[in-house]
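Chemist: build the 3D model from these lines:
(2 chains)
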Amino acid sequence: MEVFLPIAQVFVNPIEILLLSAIVGVLSGLFGVGGGFLMTPFLIFLGIPPAYAVANEANNILATSVSGSTTYYLKNILDYKMGFMIVIGGVIGTTLGIYTFTYFKGIGKIDTVISLAYMYILAIIGTLMLVESLREIDQVKRNVLAKKKAHVHYWIHGLPLRMRFPKSKLYESIFTPIIIGLIVGFIAAIMGIGGAFILVPAMIYIIKMPTKLVPGTSLFVTIFVSVIVTFLHSFNYGSIDLLLVLMLVIGSIVGVQLGQKLGERIDSSGLRALLAVLLLIVGIAIAYDTFFADEIIKETSKSVKSDLNFFSRFIIDFSKEMPFFYGLFSIMFAIILGVGAAFLRRFISNLKGKIFIKS
Amino acid sequence: MHISEIKIFNKLPRLKTSYVKVGILMSLLAYWGVILVGTFVTFN
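Modeler: Numbers count the residues shown, from 1 in each chain, chains lettered A, B, ... in the order given. Have a look, this model is predicted:
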């Protein structure tokens, strides 16, 4: 069974997309990492052009981060002031990223740039993760406790214009979160990822925020960054495919829930090395695809507009005739799906509680 | 003489760990070699 994606102009198997996004969602929930840097390469392997994979994954990340941050919002464990500072940097970084994207698209090299960026990011994260987890396993075997430095000062802590952040109990230069936001925004615009794998360590080790405020603030920033990335991609290139986004969102939201439940029952620290190996394998697969398989022409069967059904024709016309409103609609679509998923989760959790009390 | 007293048997697990570590290091080096050479060849 295959479905035609009207915007990306390719045929895909919806079961494959749903299964893959669910598997990536499980990994995200289990290891607490964003799934963007795994899902976008998988979409590329399924034959979706990289420029479309990036834009649609950004829209999917918007839905999942809205769903996740609703919980933190209700518990009031996020630092809005710090979040807004990072968002300021994120807006600048995203705009720069979109300009870079436009430049490489103009010279016809965008697909190679995206593939190379993914290959290097996966190789760096995979190598660091593998080395770190092997060191941990080694230390556990030898019963050695790792010595950590109490406080490390980097050049970034000496920047001017300091401000108080009461919620995090910090007195920090406003440039620190802005620079971090700028880097995250730039990477998010080019690669279609949330950037949590940079944001979370940076918040803990560079900004030195309390750990309990980190996940909520990170998701809060991701919402803004992915809104801008989704809108700019949709408005500039019309590359958001609502049908693909719907499949991605359903798969990943279900997967994240399963992953979180699984994480409560099993110890995932030993599995971290396996995730690192998986990242390295995906990285080398992209390398093969980029370096050696350029000649393989991917089947991007162009369909005649008259062959399409009403829904597909509506999406194409809407994106071409009203790109501004189509961008807004994509954002609202993701937010509604995300909030809906959060309420559904709460409803199921309450229902389970009632059944448990009765029995 | 007990088997546990023979030094070579005590050294075996440590030797195995070292081989595994060297193997992982060599694989990572080969991995990065492929990526860097590939990038260099693609852009030339």
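
Chemist: in contact with the residue of chain A found nearest chain B, which residues are there?
Modeler: Among the residues of chain A, A:Phe291 lies nearest to chain B; the distance is 4.1 Å by Cβ to the nearest Cβ. Yep, even glycine has a C-beta here, placed from its N, CA and C like the rest. Taking Cβ atoms under 8 Å, 6 or more residues apart in numbering or on different chains, we find A:Phe291 in contact with B:38, B:41-42.

Chemist: check the residues you listed against chain A, which are close?
Modeler: B:38, B:41-42 (Cβ under 8 Å from any Cβ of the partner chain).

Chemist: put the buried members of those into a PyMOL selection.
Modeler: A single PyMOL command selects the buried members of the ones next to chain A among the contacts of A:Phe291 (16 or more other Cβ atoms under 10 Å in any protein chain shown):
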select buried, chain B and resi 38
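
Chemist: dump the ones next to chain A among the contacts of A:Phe291 to JSON lines, plus pLDDT, secondary structure and distance to A:Ala342.
Modeler: As requested, the ones next to chain A among the contacts of A:Phe291 are exported to JSON lines (pLDDT from 0 to 100; DSSP: H, G, I helix; E, B strand; the rest coil; distance: Cβ to Cβ, whole Å):
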{"residue": "B:Gly38", "pLDDT": "83", "secondary structure": "helix", "distance to A:Ala342": "43"}
{"residue": "B:Val41", "pLDDT": "81", "secondary structure": "helix", "distance to A:Ala342": "48"}
{"residue": "B:Thr42", "pLDDT": "76", "secondary structure": "helix", "distance to A:Ala342": "43"}
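
Chemist: determine how far the host helix or strand of A:Ala53 lies from the middle of the whole chain.
Modeler: Per DSSP states H and E, A:Ala53 falls inside helix A:50-75. Taking the mean of its C-alpha atoms, helix A:50-75 sits 7 Å from the chain's own mean (Cα atoms, centre = their mean, to the nearest Å).

Chemist: helices and strands around the very next helix or strand once past it, which ones?
Modeler: Next along the chain after helix A:50-75, taking DSSP H and E as the criterion, comes helix A:80-106. Contacts defined by 3 or more Cβ pairs under 8 Å, 6 or more residues apart in numbering or on different chains; DSSP states H and E place helix A:80-106 against helix A:110-142, strand A:162-165, helix A:175-191, helix A:214-237.

Chemist: could you find the closest non-adjacent residue to the closest residue to chain A within chain B?
Modeler: In chain B, the residue that lies nearest chain A is B:Gly38 (4.1 Å; Cβ to the nearest Cβ). Spatial nearest neighbour of B:Gly38, excluding adjacent residues (Cβ to Cβ, 6 or more residues apart in numbering or on different chains): A:Phe291 at 4.1 Å.

Chemist: near chain A, which residues of chain B show up?
Modeler: B:21, B:24, B:28, B:31-32, B:34-35, B:38-39, B:41-42.

Chemist: now, which of those residues lie within strands?
Modeler: Per DSSP state E, strands hold no members of the residues of chain B next to chain A.

Chemist: got TSV for the residues you listed, with distance to A:Glu16 too?
Modeler: Converted to TSV, the residues of chain B next to chain A look like this (distance: Cβ to Cβ, whole Å):
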residue	distance to A:Glu16
B:Lys21	38
B:Ile24	32
B:Leu28	31
B:Tyr31	27
B:Trp32	31
B:Val34	28
B:Ile35	27
B:Gly38	28
B:Thr39	30
B:Val41	32
B:Thr42	29
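
Chemist: stretch A:261-280: how far from the chain's middle?
Modeler: 18 Å.

Chemist: chain B contacts on the stretch 51-200 of chain A?
Modeler: A:112, A:116, A:119-120, A:123, A:127, A:130, A:134.

Chemist: swap the cut-off to 7 Å and go again
Modeler: Counting by Cβ under 7 Å from any Cβ of the partner chain, the residues of the stretch 51-200 of chain A close to chain B are A:116, A:119, A:123, A:127, A:134.

Chemist: ok, residues contacting stretch A:169-186?
Modeler: A:82, A:85-94, A:96-97, A:156, A:159-165, A:195, A:198-199, A:202, A:206-209, A:221, A:225 (Cβ atoms under 7 Å, 6 or more residues apart in numbering or on different chains).

Chemist: just the buried residues of the residues you listed.
Modeler: Neighbour counting by 16+ other Cβ under 10 Å classes A:82, A:85-94, A:97, A:165, A:195, A:198-199, A:202, A:206-207, A:209, A:221, A:225 among the contacts of stretch A:169-186 as buried.
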